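Asks: What follows is a predicted protein model with its sequence.
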Amino acid sequence: MSDSANVRFFFSKIATSEFAVTGEKFEPSIQYMVNVNMGFGLGREERTILCRTKAMTYQQDKLLMVIEVGCSFTILPEDWQSMFDEENGTVVLPEAIGLHFASLAVSTVRGILHARTEGMLVQAAIIPAINVQALVKGDVKIEMKPTVASS
């Protein structure tokens, strides 16, 4: 596994796969709750780690908004080689880099949500500060999914 200080990467893609405002009325004076889920995936050919983040905003048990965003981080070839286990088809992402990717992904979701809800009352329901250490615990082991051929 690579030392996290030596993993070089660039932010290569952002894709919003889901976004919806349900139409439920948001009341700024009433407390709301945001559930955030996160998962990691990878693409061996592109040397890319995908961090998919989904946030669902509720108020009084009613769903107000949902957003899901995938952030892709491309790892430089020499650093990818030190993280990728060809025999097992896995990548082990050091915890520090996993936390960094998680933080960047949550911030990206927050920005997209702000832009998509501009001028709407529900814009006040921002995603609060997230403790990404609760989402990423230790090194992140990601398995390469086998490609299924179809005819």
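Replies: Cool, got the structure.
Asks: what about the helices in the protein?
Replies: Ranges of helices in the chain, per DSSP state H, are 77-83, 95-116.
Asks: What strands flank the helix or strand of the chain with the lowest mean pLDDT, and is each parallel or antiparallel?
Replies: Here the helix or strand of the chain ranked lowest by mean pLDDT, DSSP states H and E is strand 84-85, holding a mean of 88. Strand 84-85 has the following strand partners under DSSP bridges: strand 90-93 (antiparallel).
Asks: who touches the partner strand?
Replies: If you take Cβ atoms under 8 Å, 6 or more residues apart in numbering as the criterion, strand 90-93 is touched by 1, 7, 40, 42, 49, 80, 83-85, 101, 139-144. For every residue, glycine as well, the C-beta is placed using N, CA and C.
Asks: mean confidence for it?
Replies: Strand 90-93 shows a mean pLDDT of 91.
Asks: Tell me the buried residues within the contacts of strand 90-93.
Replies: Listed as buried from the contacts of strand 90-93 are 7, 40, 42, 49, 80, 83-84, 101, 140, 142, 144; burial here means 16 or more other Cβ atoms under 10 Å.
Asks: could those go into a markdown table alongside distance to residue 30?
Replies: Shown next, in a markdown table, are the buried ones among the contacts of strand 90-93 (distance: Cβ to Cβ, whole Å):
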| residue | distance to residue 30 |
| --- | --- |
| 7 | 43 |
| 40 | 34 |
| 42 | 41 |
| 49 | 38 |
| 80 | 47 |
| 83 | 45 |
| 84 | 48 |
| 101 | 33 |
| 140 | 36 |
| 142 | 39 |
| 144 | 45 |
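Asks: which among these gets closest to residue 71?
Replies: Checking the buried ones among the contacts of strand 90-93 against residue 71 by Cβ to Cβ gives residue 101 as the nearest, at 7.2 Å.
Asks: How about the contacts made by the closest one?
Replies: Residues in contact with residue 101 (Cβ under 8 Å, 6+ apart) are 40, 49, 51, 71, 73, 93.
Asks: Many thanks, we can stop here.
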